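In: I'd like to go over a predicted model; first the sequence, then the structure.
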Amino acid sequence: MTKEKLALEIIDRLKKEYPDAGCTLDYDHAWKLLVSVRLAAQCTDARVNVVVEDLYAKYPDVDALAEADVEDIERIVKPCGLGHSKARDISACMKILKEQYGGKVPDDFDALLKLPGVGRKSANLIMGDVFGKPAIVTDTHCIRLVNRMGLVDGIKEPKKVEMALWKLVPPEEGSDFCHRLVFHGRDVCTARTKPRCEACCLNDICKKAGVE
């Protein structure tokens, strides 16, 4: 089976296994997803969803957060870890949104990459979930699973994995596919314990099934 056919088969099976898979960060505005994805670095989405409740209660919009003291932002987001750098990036990012984009999140990938604290993973998440545009989010689950499945061969660098997947995954499937990889990576193809290959819907086509 070619990698192209393998990708389509994996997409189809995961779609049946996780029909409603979506972003596990809670948000109702684009700027909130931008904040949450920055806080999610080296932190669980579940913890971020709790922490941002206090942040948004005190600073309910872009303008308010742009004017907030960085030290106060840090105090609130500290439970997410790396509080100083995350607070600094959030403050700087909100200031740019306020001053350059009228409080709106730009729907341009390159413009997103220029925002403080925003890398390719975050920019792709925003493009896919907020704007419904083609996106490949290469988080740790994605990188681990596509290597195990045989879609990429020993590639660990996020951008290289992303570029490889663009060649295999139909553009309209990319965003949801990556969300489904997160669910599958948490439930079945785990990192901290032995993968549950016997319970995996891909065990007959996965390159590493029963090996790790």
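Out: Yep, it's here. Residues are numbered from 1 along each chain as shown.
In: neighbouring contacts of stretch 183-194?
Out: Contact with stretch 183-194 is made by 14, 17-18, 21, 140-142, 144-145, 148, 195-196, 199-200, 212, as judged by CB atoms under 8 Å, 6 or more residues apart in numbering. Every C-beta, even on glycine, is put in place using the N, C-alpha and C of the backbone.
In: Just the buried residues out of those, in PyMOL syntax.
Out: Buried residues among the contacts of stretch 183-194 (16 or more other CB atoms under 10 Å), as a PyMOL selection:
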select buried, resi 14+17+18+21+141+142+144+145+148+195+200
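In: which one among the contacts of stretch 183-194 gets closest to residue 79?
Out: residue 140 (20.5 Å; CB to CB).
In: Now the longest helix along the chain - C-alpha only, CSV.
Out: Taking DSSP state H as the criterion, the chain has its longest helix at helix 83-100. Extracted in CSV, the C-alpha atoms of helix 83-100 (Å, rounded to 0.1, in the frame of the first residue of the first chain):
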residue,chain,number,x,y,z
GLY,A,83,4.3,31.8,33.4
HIS,A,84,6.7,34.7,32.7
SER,A,85,7.3,33.9,29.1
LYS,A,86,3.7,33.0,28.4
ALA,A,87,2.4,36.2,30.0
ARG,A,88,4.9,38.3,28.1
ASP,A,89,3.9,36.8,24.8
ILE,A,90,0.1,37.1,25.5
SER,A,91,0.5,40.7,26.4
ALA,A,92,2.6,41.5,23.3
CYS,A,93,0.3,39.6,21.1
MET,A,94,-2.9,41.3,22.3
LYS,A,95,-1.2,44.7,21.9
ILE,A,96,-0.5,43.9,18.3
LEU,A,97,-4.1,42.7,17.7
LYS,A,98,-5.4,45.9,19.2
GLU,A,99,-3.0,48.3,17.4
GLN,A,100,-2.7,46.6,14.0
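In: so after that helix, what's the next helix or strand?
Out: helix 109-113 (DSSP states H and E).
In: Please give me every residue in contact with the residue located most distally from the centre of the chain.
Out: Going by CA atoms, centre = their mean, the residue of the chain most distant from its centre is residue 1, 28.8 Å out. Residues counted as contacts of residue 1 (CB under 8 Å, 6+ apart) are 9, 205.
In: Distance-wise, check it relative to residue 136.
Out: Separation of residue 1 from residue 136 (CB to CB, to the nearest Å): 21 Å.
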